[in-house]
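> sequence plus predicted model, see below.
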Amino acid sequence: MSLHKDQAIILSTRAFGESDKIIRFFTLSSGKLSGIAKGAKKSQKRFMNTLEQFNRVQIEYFEKPTAGLVRIENADIEEHNAGIETTLKRVCIASYFSEFVDRLTREKERNEPLFHTLESVLNRIKHVEFTASDILYYELLMLGHLGYMPNFRSCVVCGSEMPENDKVCYSRERGGTLCLHCARGVPHRKYPPGLFTQLACFDRVQTGLNKAFDQLGRQVLEDFISFHLSVEFKSLRILKSITG
């Protein structure tokens, strides 16, 4: 059994038995882990308000190679979640991106850029009212870190580059844009000129689209994630009812 110390963001918690908690957390060095915190529901010393969702902590845990859960030994607050709970919208956005990371990563798969992006979301949301553009920006950024980005730059069938005004056809099944020639034989939807050009660089430069483009961009990503990654986010339904 080895002791590990690492930075971690608490993704979710649930009660286990009378006094324990099962914690899902995303670490800087080792990726996503699940652990048991013995006595966490009653502890007034080791885990007092530390293992709460959205907290960033310095965590200590023991790991056995054959065990499914690590054993959380201690956690110290580095960044508290206070401020997120002030509005339902903030809680929903924080929940969505925590679930985004949880559902789209494998256990023990290190991804430092993704860790820092989630950290940025949870810190920024305490002070800024997120718009649809903010949500779209972080969705694209996280998909990029995960290697799951749709192809907005060339035709997914023939690979050809397209004039920007011709980049209007998108295939959900192929996961990217189509040139006008290939679109004749592939099911697709048409979108306004300029949308995919802006989405192609949206993950690198945070500049808002107009409101209609924001909604269309999020629709494209939602379809992509649902079809290609087979993931439906529970928190997204509530988030959409709040943000539209």
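Sure thing, it's come through.
> residue 76 against residue 56, yeah?
No. Taking C-beta atoms under 8 Å as the contact criterion, residue 76 and residue 56 are not neighbours in contact, 10.3 Å apart. For every residue, glycine as well, the C-beta is placed using N, CA and C.
> looking at those two, which one has more neighbours?
residue 56 (22 against 10; other C-beta atoms under 10 Å).
> list the beta-bridge partners for that one.
Per DSSP bridges, the residues bridged to residue 56 are residue 9, residue 79.
> any idea of the pLDDT on it?
Residue 56 is assigned a pLDDT of 97 by the prediction.
> so it touches residue 120, yeah?
No. Here residue 56 lies out of contact with residue 120, judged by C-beta under 8 Å, at a distance of 11.0 Å.
> how about the strands of this structure, start to end?
Listed in chain order, the strands of the chain (DSSP state E) span 2-16, 20-27, 31-37, 56-63, 70-79, 169-171, 176-178, 189-190.
> return the list of helices and strands in contact with the last one.
Of the remaining helices and strands, those touching strand 189-190 by 3 or more C-beta pairs under 8 Å, 6 or more residues apart in numbering; DSSP states H and E are strand 169-171.
> please work out which of the strands of the chain is packed deepest.
Among the strands of the chain, ranked by average contacts under mean count of other C-beta atoms under 10 Å, first place goes to strand 176-178 (a mean of 26).
> domain assignment for the protein?
Under the assignment named as automatic domain parsing, the residue ranges that make up the domains of the chain are 2-79, 85-149+203-243.
> with distance to residue 158 added, can I get the ones you listed in a markdown table?
Rendered in a markdown table, the data for the domains of the chain read as follows (distance: least, C-beta to C-beta, whole Å):
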| stretch | distance to residue 158 |
| --- | --- |
| domain 2-79 | 37 |
| domain 85-149+203-243 | 19 |
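> make CSV out of the strands of the chain and add distance to residue 110.
Converted to CSV, the strands of the chain look like this (distance: least, C-beta to C-beta, whole Å):
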stretch, distance to residue 110
strand 2-16, 10
strand 20-27, 8
strand 31-37, 5
strand 56-63, 14
strand 70-79, 15
strand 169-171, 32
strand 176-178, 28
strand 189-190, 36
